[in-house]
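Peer 1: Predicted model, plus sequence, below.
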Amino acid sequence: MVKTTAKKASSRTAKVSSKSAASARPAQPAVISAKNLSLTFRTDDGPVHALSNVNLEIGKGDFVSFIGPSGCGKTTLLRVIADLEQPTAGEISVNGMTPEAARLARAYGYVFQAAALYPWRTIEKNVALPLEIMGYTAEERKKRVARTLDLVNLTGFEKKYPWQLSGGMQQRASIARALAFDADILLMDEPFGALDEIVRDHLNEQLLHLWETTNKTICFVTHSIPEAVYLSTRIVVMSPRPGRVTDVIESTLPKERPLEIRESEEFLRIAHRVREGLRAGHSYDE
Amino acid sequence: MRWLSEGKTLPVLTVVAAIVLAWYVGTFVLNAPFERDQATRAGTEIGFSQLLSRTMAQERPVLPAPHQVIEELWDTTVAKKITSKRSLVFHAWITLSATLLGFAIGTVLGVALAIGIVYNRAMDKSVMPWVIASQTIPILAIAPMIIVVLNSVGISGLLPKALISTYLSFFPVVVGMVKGLRSPEAIQLDLMRTYNASGSQTLWKLRWPAAAPYLFTSMKVAVATALVGAIVGELPTGAVAGLGARLLTGSYYGQTIQIWSALFMAAALAAVLVMLVGVGERLVMSRMGERP
């Protein structure tokens, strides 16, 4: 397929160009890199500083969580990476390109807070939606839908409509949709925020497994400390007014993570540091 | 008897009975002065029972009795050949053909305008006020002019009448479809943006299916107004044929029974048309996986 080879070529150039840019973590090429990134929304009540001087390097295969209270700009940052918002100052590159070029090259899959499935499409048709738009052949579409639905354990639900599925299954379908094409970045905006804890645990486990098997770079927005610590290789702690990065924590947890790891001392130590970081950046009497 | 007490049948029948009763009372009250007048002129006395039976059987009543209208309807639909000029089916078909053509043109025009308004900033700013202004002009004023103007350029017959239907029926479609095409949620649109979908892909894969329920709702209104447009369009054509012509000749010659039966035919036609759109809606929406 023409499209896939083009994408491979673009990710190769990203590796080359990032060699010079990646200063903080030279071992891995930077997939996403932000320098002094700022975004100010003009509103009737005056300017809102959603992002202020954000510096960030995300390497290939990283699982990065953005955590912070509401209004800290974590979703905005994700939307800037996705070219859904335009920064007002600073630089950002995705795969070595501008976010717009990366979006046009279909470099990422985006999972929203709600599943955002189209109610008039069956699950398989929903997963096939990006493939239809990107011009994959019917045969290729069928193959990929089957593969990605299997990846999120939804085989057997192909012909169901979204309303026939539970909230957790709908969100899994939306993850399958983001995985169906060959984007090697996955941007997830509080995808499990609306789900109960048992379902969330289960999906967290599945997501880790998926990340291991696909080696994608994942940016994950959350406001749950255990979720961030459990999933991530790096945790970016953010704080509001203005939205900024206050701490970046490298996880020392092994790549293999059973759910029980959340009771280990190491896990609790990292969680504690995240909590400290959140507390430092945010005064609760506001 | 359970079906009677549980379903809608009993309430509906009750209301119908009440209306029919009120109608008969009205018939008596409105037609009685004429009979009394006649009796006075002839110098005779008229009893109540005689008065009652005569008010129900006048040739040109102020208000015809229900059974007179039903009799006329039966006489002009079932008892006449369809090709006869005195057949109400013949006239209804003429009106219906103009209605359907006008409705089809109106729907296509309405959808096209709505797409233009949603996708083009200039059209968004400029077209809507004109669309609304078009509906503030009384159709009775503009219908003869459309007929006359089109006739002078050699277009006559079905199309001018259909265009008057179009004039009325495109409006609900524009308003409904603008709303419908703008109904997708922000994240559904963002999703299309992340796929780098083209404008037409976003239209056909997201906006259009999202607008389907709105389209059917507007079409139900549009098909009924299209019928009104066709009837109005028949009035200035010299009353040759169609339900509008039946209404006009009826009023010329004081044939109130004919007027009422034409009115009932028009109402029945509108009901059937709206129902057909409803059936189409159910078929399409169930194919689109709507929750039953």
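Peer 2: The structure has been received and is ready for your questions. Residues are numbered from 1 along each chain as shown, chains lettered A, B, ... in the order given.
Peer 1: Can you tell me which residues in chain A are near chain B?
Peer 2: A:82-84, A:103-104, A:106, A:108-110, A:112-114, A:116, A:118-122, A:129-130, A:132-134, A:161, A:163 (C-beta under 8 Å from any C-beta of the partner chain). The way it works is simple: take the backbone N, C-alpha and C, and place the C-beta from them, glycine included.
Peer 1: Which of those fall in helices?
Peer 2: A:103-104, A:129-130, A:132-133 (DSSP state H).
Peer 1: who wins for most neighbours among the residues you listed?
Peer 2: Counting neighbours by other C-beta atoms under 10 Å in any protein chain shown, residue A:130 leads those with 25 neighbours.
Peer 1: So that one sits against residue A:180, correct?
Peer 2: Yes: using C-beta atoms under 8 Å, residue A:130 is in contact with residue A:180, at 5.7 Å.
Peer 1: Mutual contacts of these two, please.
Peer 2: Common contact partners of residue A:130 and residue A:180 (C-beta atoms under 8 Å, 6 or more residues apart in numbering or on different chains): residue A:109.
Peer 1: So residue B:146 sits against residue B:164, correct?
Peer 2: Yes: with contact defined as C-beta under 8 Å, residue B:146 counts as touching residue B:164 (5.8 Å).
Peer 1: Please pick the buried ones from the residues of chain A next to chain B.
Peer 2: Taking 16 or more other C-beta atoms under 10 Å in any protein chain shown as the criterion, what is buried in these is A:82-84, A:103, A:106, A:108-110, A:112-114, A:116, A:118, A:120-122, A:129-130, A:133-134, A:161.
Peer 1: Show me these that map onto strands.
Peer 2: Within these, residues falling in strands by DSSP state E are A:108-110.
Peer 1: Which strand or helix spans the closest residue in space to residue A:36 that isn't next to it in sequence?
Peer 2: Excluding the flanking residues, the one nearest residue A:36 by C-beta to C-beta, 6 or more residues apart in numbering or on different chains is residue A:90, at 4.0 Å. Using DSSP states H and E, residue A:90 falls within strand A:89-94.
Peer 1: Counting by contacts, list what that strand packs against.
Peer 2: Judged by 3 or more C-beta pairs under 8 Å, 6 or more residues apart in numbering or on different chains; DSSP states H and E, strand A:89-94 is in contact with strand A:30-43, helix A:74-81, helix A:99-104.
Peer 1: So what touches the longest one?
Peer 2: Taking contacts as C-beta under 8 Å, 6+ apart, the residues outside strand A:30-43 that touch it are A:14, A:18, A:21-22, A:47-60, A:62, A:73, A:76-77, A:80-81, A:85-95, A:184-185, A:217, A:219, A:243.
Peer 1: List the buried residues in it.
Peer 2: Neighbour-count burial for strand A:30-43, with 16+ other C-beta under 10 Å as criterion, is recorded at A:30-34, A:37-40.
Peer 1: That one pairs with which strands, parallel or anti?
Peer 2: strand A:46-59 (antiparallel), strand A:89-94 (antiparallel) (DSSP bridges).
Peer 1: Rebuild those as TSV, extending it with mean neighbour count.
Peer 2: Converted to TSV, the strands paired with strand A:30-43 look like this (neighbours: other C-beta atoms under 10 Å in any protein chain shown):
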stretch	mean neighbour count
strand A:46-59	19
strand A:89-94	18
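Peer 1: who wins for proximity to residue B:103 among these?
Peer 2: Ranking these by their distance to residue B:103 (criterion: C-beta to C-beta) puts strand A:46-59 first, at 49.5 Å.
Peer 1: and that closest one, average pLDDT?
Peer 2: The predicted model gives strand A:46-59 an average pLDDT of 89.
Peer 1: and that strand with helix A:74-81, angle?
Peer 2: Put simply, strand A:46-59 runs at 70 degrees to helix A:74-81, going by axes from the mean of the first three to the mean of the last three C-alpha atoms, to 10 degrees.
Peer 1: ok, residues contacting strand A:46-59?
Peer 2: So strand A:46-59 is contacted by A:22-25, A:27-41, A:64, A:73, A:76-77, A:80, A:87, A:90, A:217, A:219, A:234, A:236, A:241-245, A:248 (C-beta under 8 Å, 6+ apart).
Peer 1: Apply 7 Å and report the result again.
Peer 2: By C-beta atoms under 7 Å, 6 or more residues apart in numbering or on different chains, the list of residues contacting strand A:46-59 from outside reads A:22, A:24-25, A:28-41, A:64, A:73, A:76-77, A:217, A:219, A:236, A:242-245.
Peer 1: and residue A:83, what does it touch?
Peer 2: A:99-100, A:103.
Peer 1: brain fart, residue A:81
Peer 2: Contacts of residue A:81 by C-beta under 7 Å, 6+ apart are A:32, A:92, A:94, A:99, A:187, A:219.
Peer 1: does the closest residue in space to the second one that isn't next to it in sequence have beta-bridge partners, and which?
Peer 2: Meaning residue A:92. Excluding its sequence neighbours, the residue lying closest to residue A:92 (C-beta to C-beta, 6+ apart) is residue A:34, at 4.6 Å. Per DSSP bridges, the residues bridged to residue A:34 are residue A:56, residue A:92.
Peer 1: Now do residue A:34 against residue A:141, distance only.
Peer 2: For residue A:34, the distance to residue A:141 equals 35 Å [C-beta to C-beta, to the nearest Å].
Peer 1: buried ones in the host helix or strand of residue B:95?
Peer 2: Counting by DSSP H and E, the element that carries residue B:95 is helix B:88-119. For helix B:88-119, burial by neighbour count (16+ other C-beta under 10 Å) applies to B:88-96, B:98-107, B:109-111, B:113-115, B:117-118.
Peer 1: following it, which helix or strand comes up?
Peer 2: Per DSSP H and E, helix B:88-119 leads on to helix B:121-136 as the next helix or strand towards the C-terminus.
Peer 1: That next one to helix B:88-119, inter-axis angle?
Peer 2: Helix B:121-136 and helix B:88-119 are oriented at 150 degrees to each other (the same axes, to 10 degrees).
Peer 1: what does the helix or strand immediately after helix B:121-136 in the chain rub up against?
Peer 2: Per DSSP H and E, the first helix or strand lying C-terminal to helix B:121-136 is helix B:139-152. Helix B:139-152 is contacted from outside by B:156, B:160, B:163-164, B:167-168, B:229, B:232-233, B:236-237, using C-beta under 7 Å, 6+ apart.
Peer 1: same for the very next helix or strand once past helix B:139-152, what does it pack against?
Peer 2: Next along the chain after helix B:139-152, taking DSSP H and E as the criterion, comes helix B:158-181. Here helix B:158-181 touches helix B:88-119, helix B:121-136, helix B:139-152, helix B:208-234, going by 3 or more C-beta pairs under 7 Å, 6 or more residues apart in numbering or on different chains; DSSP states H and E.
Peer 1: Determine the angle, from 0 to 180 degrees, between helix B:158-181 and helix B:88-119.
Peer 2: 40 degrees.
Peer 1: any idea which helix or strand comes after helix B:158-181?
Peer 2: Using DSSP H and E, the helix or strand that directly follows helix B:158-181 along the chain is helix B:186-194.
Peer 1: Okay then, goodbye and thanks.
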